[in-house]
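Asks: Generate coordinates for the sequence data below:
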Amino acid sequence: WVGRFAAGSAAAVVLTAALAVALVPLRSHLSVATVALVLVVPVVVGVAVGGFAAGALATAVGFLTYDFVFIPPYYTLSVGTAQNWTALGVYAVVMVVVSRVVGRVETARAEAQSRARELRRLFDVSELLVRDASAAALLDGIVRAVRRAFELDGAALLLPTAGGLTLAASSGTALADDELQALSAGARPPAGSQLRVVALVISGRPAGLLALRGGRVADRAGEDLLRAFANHLALALERSQLQEQALRAGVLEEVDRLRRGLVSAVSHDLRTPLATIKVATSTLLDPAAPPPPEDAHELLELVDGQANRLDRLVTNLLDMTRIQAGALELRRSPVALAALFEDARARVGAPGEPGRVRLQADGDLPLVDVDRVLVGAVLANLLDNALSYSPADEAVTVVADRDGPGRVVVTVADRGPGLPEGAGGSGLFESIARREAGGAGGLGLAIVQAFVEAHGEQVWVEPREGGGSRVRFTLPVAA
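Replies: Predicted coordinates for the structure are as follows:
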């Protein structure tokens with residue numbers, strides 16, 4: 001205030017002196033009223049620069065200059081005629097009124113500018129409420145917005161944890177160790193510290209603490225703006241916390257859905273071989289009606305095949321879990337497609353007629369660089385799935401073709417019920433639940449996807465002309 005008053009007073013005095021010097025040679029040609037109008041200018045300048053106090057001083061200086069220099073007798077404080085007294089009185093009254101009016105206008109303009117800055121600051125904080133940003137970005141935005149709004153030397157945000165308050169974000173001058181320890185323990189700055197703390201409250205519960213250093217928040221307007229900031233920032237924190245809770249709830253819901261699907265699929269895939277083994281062993285052990293030797297041998301073969309199927313299922317599940325955890329290392333080696341096909345046929349056990357599973361591949365097909373065990377499991381699962389859902393008199397075909405210089409595409413085609421409506425591409429593999437109407441699906445496809453993607457390749461499903469479906473996957477060619 002003192003600096004502004006000094007600047008306004010100096011401007012008014014200098015301008016009054018300059019105008020007096022300029023008007024002295026012309027005073028014999030000018031009326032007293034004209035000089036009074038000219039001397040209004042220094043008063044207006046003084047008020048505009050230094051406020052009403054500077055305007056009052058400018059009025060006094062103008063009054064003395066007016067009387068001493070421009071009202072006869074010159075260079076004396078004698079006024080003379082009543083007309084001159086009237087001119088001086090009117091000048092003094094008008095200048096005081098002008099000073100008051102101009103002062104109020106300047107005050108209103110300054111308040112309007114201050115309100116505009118406050119609104120801009122609040123708008124900056126309001127943007128935090130609608131901005132789609134991560135929690136870390138939101139916290140950084142909060143401390144930067146507060147520091148910028150109040151021209152602080154430093155700002156820090158502390159959030160409650162199990163052990164007290166923990167520093168979440170800071171901007172500008174960092175908190176000293178003793179300050180951080182004091183705030184973390186008791187939410188109060190240490191003795192002698194220049195910190196100012198503001199609590200953030202959401203629905204009556206503490207949500208955080210702002211530690212401010214320096215800045216301009218000493219007046220009432222600054223206090224009110226700071227409280228408004230605290231309320232907005234508390235809302236921003238609450239929104240961020242609600243988003244995190246919604247995200248966690250969504251993740252838990254998805255995990256629960258996948259868990260239910262996994263349990264359902266595993267239960268389905270385990271139930272069939274277990275039921276077959278149970279029926280076969282019960283028949284073999286029935287003392288009242290022992291089966292003939294040829295039937296007993298067939299039942300034992302059935303038990304052995306279903307036990308092998310269970311062993312494959314458990315092994316595949318363990319391998320898929322290790323892949324998803326990043327603990328399974330691929331053992332790549334060059335291998336022929338025909339060898340992979342024979343491995344898969346051996347795992348499945350080639351049910352039905354000997355020619356029910358066929359391989360169609362060119363003789364000059366290159367070797368593929370894969371983990372032989374995992375890709376053999378891929379083919380075995382696809383063959384088992386295709387044989388399970390295809391009619392007994394329909395063959396399952398495995399076709400291998402080149403797909404450019406570095407890829408081989410393997411296709412397993414069946415004549416089963418085909419794809420569900422709207423299924424296709426890789427979408428069928430994203431759910432491990434078996435569709436109710438039958439057809440390709442179940443845990444086997446989830447295992448297929450995991451093993452193929454572990455090689456960095458792709459797998460997808462297509463409908464087959466004439467009925468059925470085709471599962472296709474790529475394999476890398478060996479160097």
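Asks: quick one: secondary structure of Leu212?
Replies: strand (DSSP: H, G, I helix; E, B strand; the rest coil).
Asks: what pLDDT, on average, does the host helix or strand of Leu318 get?
Replies: Here Leu318 sits within helix 293-324, counting by DSSP states H and E. Averaged over helix 293-324, pLDDT sits at 80.
Asks: What is the subsequent helix or strand relative to it?
Replies: Helix 293-324 is succeeded, C-terminally, by strand 332-335 (DSSP H and E).
Asks: CA-only coordinates of that following strand in CSV, if you can.
Replies: Output of strand 332-335 as CSV, limited to C-alpha atoms (Å, rounded to 0.1, in the frame of the first residue of the first chain):
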residue,chain,number,x,y,z
ARG,A,332,12.2,-74.7,-29.0
SER,A,333,13.7,-77.0,-31.6
PRO,A,334,13.2,-77.7,-35.3
VAL,A,335,10.5,-80.3,-35.8
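Asks: Show me the strands in the protein, by range?
Replies: Counting by DSSP state E, one finds strands in the chain at the ranges 154-161, 164-172, 195-202, 205-213, 332-335, 357-361, 368-371, 396-402, 407-413, 459-463, 469-476.
Asks: Name the stretch among those that sits most buried.
Replies: Counting by mean count of other Cβ atoms under 10 Å, strand 368-371 has the highest mean neighbour count of the strands of the chain, with a mean of 22. Backbone N, C-alpha and C define where each C-beta goes, glycine included.
Asks: Return the list of helices and strands in contact with it.
Replies: With contacts taken as 3 or more Cβ pairs under 8 Å, 6 or more residues apart in numbering; DSSP states H and E, strand 368-371 sits against strand 332-335, helix 337-348, strand 469-476.
Asks: Show residues contacting it.
Replies: Identification of contacts with strand 368-371 by Cβ atoms under 8 Å, 6 or more residues apart in numbering yields 330-337, 340, 375, 408, 454-455, 475-479.
Asks: Just want to check the distance between Gly50 and Val79.
Replies: Taking Cβ to Cβ, to the nearest Å as the criterion, Gly50 is separated from Val79 by 29 Å.
Asks: more neighbours, the two?
Replies: The neighbour count for Gly50 versus Val79, taken as other Cβ atoms under 10 Å, is higher for Gly50 (27 against 17).
Asks: Okay, helices next: where are they in the protein?
Replies: For the chain, applying DSSP state H gives helices covering 2-23, 32-38, 40-50, 52-65, 82-130, 135-150, 177-186, 220-285, 293-324, 337-348, 372-389, 443-454.
Asks: Reformat those helices as CSV; add distance to Gly416.
Replies: Formatted as CSV, those follow (distance: least, Cβ to Cβ, whole Å):
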stretch, distance to Gly416
helix 2-23, 89
helix 32-38, 105
helix 40-50, 90
helix 52-65, 94
helix 82-130, 51
helix 135-150, 48
helix 177-186, 65
helix 220-285, 16
helix 293-324, 18
helix 337-348, 16
helix 372-389, 4
helix 443-454, 13
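Asks: Now do the helix holding Leu318 against helix 337-348, angle only.
Replies: 120 degrees (axes from the mean of the first three to the mean of the last three Cα atoms, to 10 degrees).
Asks: Show me how far helix 293-324 is from its chain's centre.
Replies: Centre-to-centre, helix 293-324 and its host chain are 47 Å apart (Cα atoms, centre = their mean, to the nearest Å).
Asks: so it versus helix 372-389, what angle?
Replies: Per the same axes, to 10 degrees, the angle that helix 293-324 makes with helix 372-389 is 130 degrees.
Asks: Helix 293-324 packs against which elements?
Replies: Here helix 293-324 touches helix 220-285, helix 372-389, helix 443-454, going by 3+ Cβ pairs under 8 Å, 6+ apart.
Asks: any chance of those helices in JSON lines, plus mean neighbour count and distance to Leu165?
Replies: Shown next, in JSON lines, are those (neighbours: other Cβ atoms under 10 Å; distance: least, Cβ to Cβ, whole Å):
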{"stretch": "helix 220-285", "mean neighbour count": "14", "distance to Leu165": "13"}
{"stretch": "helix 372-389", "mean neighbour count": "23", "distance to Leu165": "51"}
{"stretch": "helix 443-454", "mean neighbour count": "23", "distance to Leu165": "44"}
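Asks: could I get those helices as JSON lines with distance to Thr59 and mean pLDDT?
Replies: Output for the helices and strands packed on helix 293-324, formatted as JSON lines (distance: least, Cβ to Cβ, whole Å; pLDDT from 0 to 100):
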{"stretch": "helix 220-285", "distance to Thr59": "30", "mean pLDDT": "75"}
{"stretch": "helix 372-389", "distance to Thr59": "97", "mean pLDDT": "87"}
{"stretch": "helix 443-454", "distance to Thr59": "87", "mean pLDDT": "81"}
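Asks: Could you pull up phi and psi at Asp364?
Replies: The phi/psi pair for Asp364 (degrees, to the nearest 10) reads phi -90, psi 20.
Asks: That one and Ala400, how far apart?
Replies: 11 Å.
Asks: Which helix or strand in the chain has the lowest average pLDDT?
Replies: The helix or strand of the chain with the poorest confidence is helix 82-130; it has a mean of 72 (mean pLDDT, DSSP states H and E).
Asks: Put together CSV for the helices and strands packed on helix 293-324, with distance to Asp67 on each row.
Replies: Shown next, in CSV, are the helices and strands packed on helix 293-324 (distance: least, Cβ to Cβ, whole Å):
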stretch, distance to Asp67
helix 220-285, 42
helix 372-389, 108
helix 443-454, 99
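Asks: mind checking which of the helices of the chain is nearest Glu465?
Replies: Nearest to Glu465, of all those, is helix 372-389, at 16.2 Å by Cβ to Cβ.
Asks: Using PDB, list the CA coordinates for the closest one.
Replies: The C-alpha trace of helix 372-389 is given here as PDB (Å, rounded to 0.1, in the frame of the first residue of the first chain):
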ATOM      1  CA  ARG A 372       7.400 -80.000 -29.400                       C
ATOM      2  CA  VAL A 373       5.600 -81.000 -26.200                       C
ATOM      3  CA  LEU A 374       3.400 -77.900 -26.000                       C
ATOM      4  CA  VAL A 375       2.500 -77.800 -29.700                       C
ATOM      5  CA  GLY A 376       1.800 -81.500 -29.500                       C
ATOM      6  CA  ALA A 377      -0.600 -80.800 -26.700                       C
ATOM      7  CA  VAL A 378      -2.200 -78.100 -28.900                       C
ATOM      8  CA  LEU A 379      -2.900 -80.500 -31.600                       C
ATOM      9  CA  ALA A 380      -4.000 -83.200 -29.200                       C
ATOM     10  CA  ASN A 381      -6.500 -80.900 -27.600                       C
ATOM     11  CA  LEU A 382      -7.900 -79.800 -30.900                       C
ATOM     12  CA  LEU A 383      -8.100 -83.400 -32.200                       C
ATOM     13  CA  ASP A 384      -9.800 -84.500 -29.000                       C
ATOM     14  CA  ASN A 385     -12.300 -81.600 -29.200                       C
ATOM     15  CA  ALA A 386     -13.000 -82.200 -32.800                       C
ATOM     16  CA  LEU A 387     -13.500 -86.000 -32.400                       C
ATOM     17  CA  SER A 388     -15.700 -85.500 -29.400                       C
ATOM     18  CA  TYR A 389     -18.200 -83.400 -31.300                       C
END
